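Undergrad: Sharing a model that was predicted from the sequence below.
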Amino acid sequence: MTAPPQPSPATPLLPADTTEDVRARRPSTAVLPVGSFEQHGAHLPLVTDTVIACTIAGELAAAHPVQLLPPLTVSCSHEHADWPGTVSISARTLHAVVTDIAASLRRSGIGTLILVNGHGGNYVLRNVVQESAGSGVRMALFPQSADWEAARARAGVRTSAHSDMHAGEVETSILLHAHPELVKDGYESADCTADDRKHLLTLGMSAYTASGVVGRPSLASARKGRELLAGLVAAFGEYAALLGTPTEGGR
């Protein structure tokens, strides 16, 4: 009798600060990774967006004295509902959770919140940031399209942002660099091109891909993943200057 497949190994991605660590650092800015729990083809795990958001946020926290928050691991993945394992919450719930977190941070003396978004379907986060004006907490959404484009150019990513939509060259590269233990065999032959996705929101991803992949993971490499992350950290410098977030050791 064949034994059932074992779960993939978990990866520690949670901040390990104690309350005294935060007291000593006295951060004025918090960083909240927002991921998802959705299919990423057969070669990447359901937690891919969360892992990527946490990895980016961790790199930012290494460069700036911010409070790194634990991730939101379930978000708006409704377009992936046809694949087993995908779990979603409504946009209104995500909106409420993020605004509640911002209010809690404000009461503790942290007046700036950076949302590090790892899932493109979390459209409502733009509204959360938009509505934060005058709330007492300044917010920013990172990375934005221009930040990704600069990072892609630095890393030499060959597929366009539109073609490389899901579980493709960029996402696979970041995991190959940061968490190679999470990348399964087969990504080298998992390419799927689906540039015409006009009705994605209406029809869902399954109308455009059978595997769940939209992109060319075969082009991924750990080197590209390293350079993508370095490019994003460099791009965040503009946000840090705008929001008054110091660099590590440079209050």
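TA: Nice, I can see it. For clarity, every value in this text was computed on a predicted model and none was experimentally measured.

Undergrad: mind listing what's buried in stretch 217-237?
TA: For stretch 217-237, a neighbour-count test (16 or more other Cβ atoms under 10 Å) marks 217, 219-222, 224-229, 231-233, 235-236 as buried. For glycine as for every other residue, the C-beta is placed from the backbone atoms N, C-alpha and C.

Undergrad: next one: the helix or strand of the chain with the lowest mean pLDDT to chain centre, how far?
TA: The helix or strand of the chain with the lowest confidence, counting by mean pLDDT, DSSP states H and E, is helix 19-25 at a mean of 90. The offset between the C-alpha centroid of helix 19-25 and the centroid of the whole chain comes to 26 Å, using Cα atoms, centre = their mean, to the nearest Å.

Undergrad: Kindly report the same for stretch 180-194.
TA: Taking Cα atoms, centre = their mean, one finds stretch 180-194 lying 19 Å from the centre of the chain it belongs to.

Undergrad: Enumerate every residue touching Gln39.
TA: Residues counted as contacts of Gln39 (Cβ atoms under 8 Å, 6 or more residues apart in numbering) are 46, 80, 83-86, 212.

Undergrad: quick one on the thing from earlier: for the least confident helix or strand of the chain, enumerate the helices and strands it packs against.
TA: Judged by 3 or more Cβ pairs under 8 Å, 6 or more residues apart in numbering; DSSP states H and E, helix 19-25 has no packing partners among the helices and strands.

Undergrad: Enumerate the positions of the helix or strand where Val170 lies that are buried.
TA: Assigned by DSSP states H and E, Val170 belongs to helix 169-178. Counting neighbours by 16+ other Cβ under 10 Å, one finds that the buried residues in helix 169-178 are 169-178.

Undergrad: quick check: mean pLDDT across that helix?
TA: Per-residue confidence for helix 169-178 averages out to 98 on the pLDDT scale.

Undergrad: What are the buried residues along the next helix or strand after that helix?
TA: The element immediately downstream of helix 169-178 (helix or strand, assigned by DSSP H and E) is helix 200-203. Within helix 200-203, the residues that qualify as buried are Leu200, counting by 16+ other Cβ under 10 Å.

Undergrad: how far out from the middle of the chain is helix 200-203?
TA: Worked out by Cα atoms, centre = their mean, helix 200-203 lies 22 Å from the chain centre.

Undergrad: Contacts made by it with the rest, please.
TA: With Cβ under 8 Å, 6+ apart as the test, helix 200-203 has contacts from 79, 207-208.

Undergrad: Repeat the analysis, applying 7 Å as the threshold.
TA: The list of residues contacting helix 200-203 from outside it, by Cβ atoms under 7 Å, 6 or more residues apart in numbering, reads 79, 208.

Undergrad: going on from that helix, what's the next piece of helix or strand?
TA: helix 222-243.

Undergrad: which parts of stretch 67-85 are buried?
TA: Buried positions in stretch 67-85, judged by neighbour count with 16+ other Cβ under 10 Å: 67-69, 71-80, 83.

Undergrad: How far does that stretch stretch from one end to the other?
TA: Criterion Cα to Cα, to the nearest Å; first-to-last residue distance in stretch 67-85 is 31 Å.

Undergrad: for it, what is the average pLDDT?
TA: Taken as a whole, stretch 67-85 has a mean pLDDT of 97.

Undergrad: any weak-confidence spans in this protein?
TA: In the prediction, the chain carries residues with pLDDT under 70 at positions 1-12, 246-251.

Undergrad: Let's check: the centremost residue of it is which one?
TA: Against the mean C-alpha coordinate of the chain, by Cα atoms, centre = their mean, the closest residue is Gly118 at 1.9 Å.

Undergrad: Nearest residue to that residue in space, please, no chain neighbours.
TA: With sequence-adjacent residues excluded and distances taken as Cβ to Cβ, 6 or more residues apart in numbering, Gly118 is closest to Ala53, at 3.2 Å.

Undergrad: and that neighbour, how many neighbours?
TA: Neighbour count for Ala53, taken as other Cβ atoms under 10 Å: 30.
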